[in-house]
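*Asks:* only geometry, no sequence info:
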Ligand code: FEO
Ligand code: CA
Ligand code: CA
Ligand code: CA
């Protein structure tokens, strides 16, 4: 299959593909037999697990069983850069942290975050209440200090999506049921649970963090009612105009905010990822699937998977129905800048960063002084992008709404087999990016970023998730998995067919400068179980049974320049038997490629964040959708979770409360830097 065949494959970009491809949509059966299925069938890892768990599925068993006790690798305390005793792998109803650390719940879905917010009443939810309470499915977490030692500051949290089956009583999975249970009020509660949260938090004398509930900074940002503006070449373009906004300059809200970033000047970047899933049409084909062939922008909609029909919002809000507002999807898929220090500042969608399913937007200042942002497009066979500002970061430019985010060049990556990477500029007039190919201006290049990148010959990747710039011109790319890549579709940078467990690429930009348009790349690890040859995993041989992982998603660099990885195996965690978690991954020296488990999630949850405080003494984690993914594989439970009957009631364990996505704060017992 060549590139055109991939693009024309009717299963890629449509709902069925999206449901399988997307980490963030709950359980869906695989559409084809993957290497993971072969592995399960041949090696019976899950059967082995079941055998062990048949006794009793307790943490104590995991902690003491000789069969699965982790090898305490040489890295512990000595040669490695991360000083902690590795946590044992497993999967149960609770979260777990390495010995000697606290992992305390800081904010839960529904927690009131303003002085006038009502207490959470899960049986009587309203959109008005949710608009003043912590949102659902916390993903990105950022922090910006309000005082010199950083003991007070603003926590910025994305709320990516909602799971109605564990959020509302009696509903079940609505996308599987024609959304028959959804009402306008339920839709608006969902809308109010999306978006972001900014709250002040403070640390007490004992080092414990807590919400400052009466802080004037506290606010929710939602797709229900938060007005935003656009900057950059696409702002005000005809393709951005709708009946509610004839100027093409304002839009209500942001959706599917997955990962993100903090700018060097402390503003908060929210990436809009699977925006296509929120758009609706009543025009369907013979199979009942969305049919956009009569749309003026049919080719663009198809390339972006619009409309996904994952939610019923378009039934009650015309702007999410493309039959009525065909330009509204062009107003999503951007990166939003929020000024957390000024609750009255209108957030800005910066179109210069391109339009695609932005996983995140991690920033750095290059050696040459420019703002550089790495951002992946999380879809199978899509691309890795990088943005470089025209101007340099100075006291004058380092401000909210800066031209650093509206005047710059967006690049897409081509990874060559010789180990070089070239960043190709997405600039109108460059090569094929001209009127002949449908690009009349830079606005078209930005709105149709994916199509422009196709024409430039970018390298189709295995679902680019978070991308993190590191020290000295390095960057780390999380390629989470791609079970659809066939043997004849592999390339040097995506070398495994049917990649069920993903890999991590390290880039070294030429001259150690993140603004360089050329660099070199190498594969840091190929994920999955190294004891199963067919998986083709590549780890440092000192990595223990607890240390290897599958499906890297988010990552962070800590105060000492060290790399940390969090995983999202989705409903496929049964292929490893492990819950999602946080791993410390060595990048240098003899232990390069060595990984150690530090934290793990309750069953069915994935781990987001992570974000390190500048002090290195506090780590923020986000446990997303606890109790949902793959619970049919959870020994002793083995069914889908519902509001009434969830696989876990983490973190409250209150029989009247369903599981609640929550931000967790990690500190060392007795104080001090983490893993030092
Ligand atoms: Fe929302 Fe690509 O993870
Ligand atoms: Ca995810
Ligand atoms: Ca993600
Ligand atoms: Ca990150």
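*Replies:* Yes, it's here. Computed from a predicted structure; not experimentally measured. Numbering: from 1, shown residues only. Ligands and ions are numbered 1, 2, ... in the order given.
*Asks:* now residue 610: which helix or strand?
*Replies:* Taking DSSP states H and E as the definition, one finds residue 610 inside strand 606-612.
*Asks:* give the next helix or strand downstream of that strand.
*Replies:* Heading C-terminal from strand 606-612, the first helix or strand you meet, by DSSP H and E, is strand 618-624.
*Asks:* any residue of that next one up close to ligand 3?
*Replies:* No. Figure legend: strand 618-624 not in contact with ligand 3 (Cβ under 5 Å from the ion); closest approach 8.8 Å. Quick note: C-beta positions are derived from backbone N, CA and C, even for glycine.
*Asks:* please apply the same query to stretch 476-489.
*Replies:* No. Remark: stretch 476-489 sits outside contact range of ligand 3, by Cβ under 5 Å from the ion, the gap being at least 7.8 Å.
*Asks:* report the buried residues of that stretch.
*Replies:* Counting neighbours by 16 or more other Cβ atoms under 10 Å, one finds that the buried residues in stretch 476-489 are 476-485, 489.
*Asks:* enumerate every residue touching residue 360.
*Replies:* 140, 258-261, 271, 374-376, 465-467, 554 (Cβ atoms under 8 Å, 6 or more residues apart in numbering).
*Asks:* so what's it closest to, chain neighbours aside?
*Replies:* Computed as Cβ to Cβ, 6 or more residues apart in numbering, the closest residue to residue 360 that is not its neighbour in sequence is residue 259, at 3.0 Å.
*Asks:* between the buried residues of stretch 476-489, which sits nearest ligand 1?
*Replies:* Of all those, ligand 1 sits closest to residue 480, with 7.0 Å by Cβ to the nearest ligand atom.
*Asks:* roughly how far apart are that closest one and residue 489?
*Replies:* 17 Å (Cβ to Cβ, to the nearest Å).
*Asks:* cool, and residue 119?
*Replies:* Taking Cβ to Cβ, one finds residue 119 at 53 Å from residue 489.
*Asks:* and residue 474, by the same measure?
*Replies:* Counting by Cβ to Cβ - residue 474 and residue 489 are separated by 28 Å.
*Asks:* same thing with residue 622?
*Replies:* Taking Cβ to Cβ, one finds residue 622 at 33 Å from residue 489.
*Asks:* what does residue 199 give?
*Replies:* Per Cβ to Cβ, residue 199 is found 45 Å from residue 489.
*Asks:* what's the local residue count around residue 290?
*Replies:* Residue 290: 22 surrounding residues under other Cβ atoms under 10 Å.
*Asks:* the chain should start at 765 in everything you say after this.
*Replies:* All set: I'll call the first residue 765, so the last point we hit is now residue 1054.
*Asks:* specify the beta-bridge partners of it.
*Replies:* Under the criterion DSSP bridges, residue 1054 forms beta bridges with residue 1048.
*Asks:* looking at it now. What's its pLDDT?
*Replies:* At residue 1054, the model reports a pLDDT of 95.
*Asks:* surely it touches residue 1045?
*Replies:* Yes. Counting by Cβ atoms under 8 Å, residue 1054 touches residue 1045, with 4.9 Å between them.
*Asks:* so for those two, which residues contact both of them?
*Replies:* Any residue near both residue 1054 and residue 1045 by Cβ under 8 Å, 6+ apart counts here, and that gives 1071, 1073.
*Asks:* which bits of the stretch 1265-1414 of the chain sit near ligand 2?
*Replies:* With Cβ under 5 Å from the ion as the criterion, the stretch 1265-1414 of the chain meets ligand 2 at residues 1317, 1332.
*Asks:* switch the cut-off to 6 Å
*Replies:* 1317, 1332, 1370 (Cβ under 6 Å from the ion).
*Asks:* excluding chain neighbours, what is closest to the last one?
*Replies:* Just to be clear, that refers to residue 1370. residue 1332 is the one closest to residue 1370 (Cβ to Cβ, 6+ apart), at 4.0 Å.
*Asks:* contacting residues around the one you found?
*Replies:* Applying Cβ under 8 Å, 6+ apart to residue 1332 gives the contacts 787-788, 1229, 1244, 1315, 1317-1318, 1344, 1370-1372.
*Asks:* try residue 1249
*Replies:* Each residue near residue 1249 by Cβ under 8 Å, 6+ apart is listed here: 1144-1145, 1226, 1258, 1260-1263.
*Asks:* again, only this time at 10 Å
*Replies:* 765, 770, 1144-1145, 1224-1227, 1255, 1258-1263 (Cβ atoms under 10 Å, 6 or more residues apart in numbering).
*Asks:* just say helix, strand or coil for it.
*Replies:* At residue 1249 the chain is in coil, as set by DSSP: H, G, I helix; E, B strand; the rest coil.
*Asks:* quickly note the distance from the residue found closest to residue 1340 once you drop the neighbours it is linked to in the chain to residue 1331.
*Replies:* Distance criterion Cβ to Cβ, 6+ apart; nearest residue to residue 1340, sequence neighbours excluded, is residue 1314 at 4.9 Å. Distance of residue 1314 to residue 1331, given as Cβ to Cβ: 7 Å.
*Asks:* that'll do, ta.
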